[in-house]
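1. okay, predicted coordinates and the sequence, questions at the end:
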Amino acid sequence: MDRKNLPIIFLILCLSLSGSAFRDEGLFPELKGHKNTMNFRVWAPAKEDAAAIAGELEAYYKRFLRDLKYGGMLKKKPEIYVFRNYQEYLDKTGTLGYNTFATGGIAIPRSARKPAKIYSFLSDNLLSEVLPHELTHLLFKEITAGLRTDASIPLWLNEGMATYEETGRRYEGYVNAARARGGLIPIAELVNYTNYPSAQDKRALFYAQSASLVGFLLKNHGGSKFLAFSKKLVRGGKNIDEALFSAYYPQIRDVSELSAEWSEYIEGTSH
Ligand SMILES: [Zn+2]
C-alpha cells in the first residue's frame, strides 16, 4: 500500500463524519425534533412530531409501492421539514427562494447530488392528506422520469396520482356530486390540461376527477399496466392515445374508450 495516501483518506473520513453530524442538527434551528428512519430523514418542532411523521411516511411509501406493484426505489433518503405553522413555513421556504403562498406543502425532486425534500407545516390534514400527496409527487417523478430533464408528467396524471394516495379518498364524494349535477369535466379535456383551472371549484374538481381516473386504472387494470402506461407517457415520447393503446390494448385503445369505461366505473361506485 502506498503510505502517502493515508493522510488523505483520514482527512476525507473526518469531513464526511463532521458533515453528517452537522446534517442531523438540520438546516433550521426552529426544528429541534429529528427522526431518521430506514427511508426518510424528518425534522419537526418536537421529537414526538418527527417520530410520528416519519412513521407515517414509511407507511405511505409502502402503500405507494404496493399500488404500483413495484420494489424499493429511493436512491437517497428524502428530507422532510415540517414547520410549526403556515407563517413559519412561508417565511422559511421564502428564504430558500420558493413562493409557497397558499400551499400546504411543496416537494422538491432530488438532483444528482441533493436528496429530495418536502417542506410543510403542522396542520389537521398534514398526515392524512398533505404528506401522502407531496411524497407521492416525489416518488412518482422518481419512478417515471428519474433524473431525466426532458421528461414531464401530464398534469392530470401527476395530481391524480398524488390525490389518489391521500388517506380517506375524499375525492370520490366530490366526483359523485359533480356527476349528479352534470358538471364533470370531459375526459378528453381533463387529460390535456397544461395549467391548473383558475376557478377554485373547477380546480378542486380537476384534482378529484384526475384521482378518480387514476383510481379506476389502478383498481380495474392493475399497478403494472398503470406504471407501464405512465412511463410511456412521461419519458416514452408517446401521446395519450398511443400510451393507452400500448399498455391497455385490447380493453382500452384511446381516450374515448377510456372516457366510456371510466363513466361506467363511476356509475358503479356511486351507489
Ligand atoms: Zn399536487
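-> Yes, it's here. Numbering: from 1, shown residues only.

2. just the helices in the protein please.
-> Read by DSSP state H, the chain holds these helices, from start to end of the chain: 6-25, 47-67, 86-95, 131-144, 155-164, 171-180, 187-190, 200-221, 223-234, 240-248, 255-269.

3. and these: which comes nearest the ion?
-> Comparing these against the ion with Cβ to the ion, the closest turns out to be helix 155-164 (4.5 Å). In this view, the C-beta of every residue, glycine as well, is placed from N, C-alpha and C.

4. list the helices and strands the closest one packs on?
-> helix 131-144, helix 200-221, helix 223-234 (3 or more Cβ pairs under 8 Å, 6 or more residues apart in numbering; DSSP states H and E).

5. which outside residues touch that helix?
-> Residues lying outside helix 155-164 but in contact with it, judged by Cβ atoms under 8 Å, 6 or more residues apart in numbering, are 132-134, 136-137, 140-141, 171, 190-191, 193-196, 206-215, 218, 230, 233-234.

6. export that helix to CSV, keeping only CA atoms.
-> Listed in CSV are the C-alpha atoms of helix 155-164, where the atom choice follows Å, rounded to 0.1, in the frame of the first residue of the first chain:
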residue,chain,number,x,y,z
LEU,A,155,-50.8,17.5,-15.0
TRP,A,156,-53.9,15.1,-14.6
LEU,A,157,-51.6,12.1,-14.0
ASN,A,158,-49.4,13.9,-11.6
GLU,A,159,-52.1,15.4,-9.4
GLY,A,160,-54.4,12.4,-9.9
MET,A,161,-51.8,10.0,-8.5
ALA,A,162,-50.9,12.3,-5.6
THR,A,163,-54.6,12.9,-4.7
TYR,A,164,-55.4,9.2,-5.0
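
7. so what's the gap between that helix and the chain middle?
-> Here the centre of helix 155-164 is set off from its chain's centre by 8 Å, with Cα atoms, centre = their mean, to the nearest Å.

8. close to the ion, is it?
-> Yes - using Cβ under 5 Å from the ion, a contact is recorded between helix 155-164 and the ion, made by 159, 162.

9. got the contact list for Val82?
-> When the contact criterion is Cβ under 8 Å, 6+ apart, the partners of Val82 are 31, 42-45, 49-50, 53, 119-122, 126.

10. same question, Ser198
-> Ser198 makes contact with no residue, according to Cβ under 8 Å, 6+ apart.

11. try Leu126
-> For Leu126, the set of contacting residues under the criterion of Cβ under 8 Å, 6+ apart consists of 53, 82, 104-105, 120.

12. about what we covered before: now mean neighbour count, mean pLDDT and distance to Asp241 too, for the helices and strands packed on helix 155-164, in TSV please.
-> Formatted as TSV, the helices and strands packed on helix 155-164 follow (neighbours: other Cβ atoms under 10 Å; pLDDT from 0 to 100; distance: least, Cβ to Cβ, whole Å):
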stretch	mean neighbour count	mean pLDDT	distance to Asp241
helix 131-144	23	95	18
helix 200-221	20	96	15
helix 223-234	20	96	11
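
13. which one of the contacts of Val82 is nearest to the ion?
-> Top of the list for closeness to the ion, among the contacts of Val82 and by Cβ to the ion, is Ser120 at 12.0 Å.

14. just give me the neighbour total for the closest residue in space to that closest one that isn't next to it in sequence.
-> Closest residue to Ser120 apart from its sequence neighbours, by Cβ to Cβ, 6 or more residues apart in numbering: Gly105 at 3.4 Å. Under the neighbour criterion other Cβ atoms under 10 Å, Gly105 is assigned a count of 23.

15. same question, the one 4 residues further on
-> Other residues near Pro109 come to 18 when the count uses other Cβ under 10 Å.

16. distance check, it against Ala59.
-> Taking Cβ to Cβ, to the nearest Å as the measure, Pro109 falls 21 Å from Ala59.

17. cool, Tyr119 as well?
-> Separation of Tyr119 from Ala59 (Cβ to Cβ) stands at 20 Å.

18. more crowded one of the two?
-> Here Tyr119 and Ala59 are set side by side on neighbour count (other Cβ under 10 Å), and the busier one is Tyr119, at 22 against 12.
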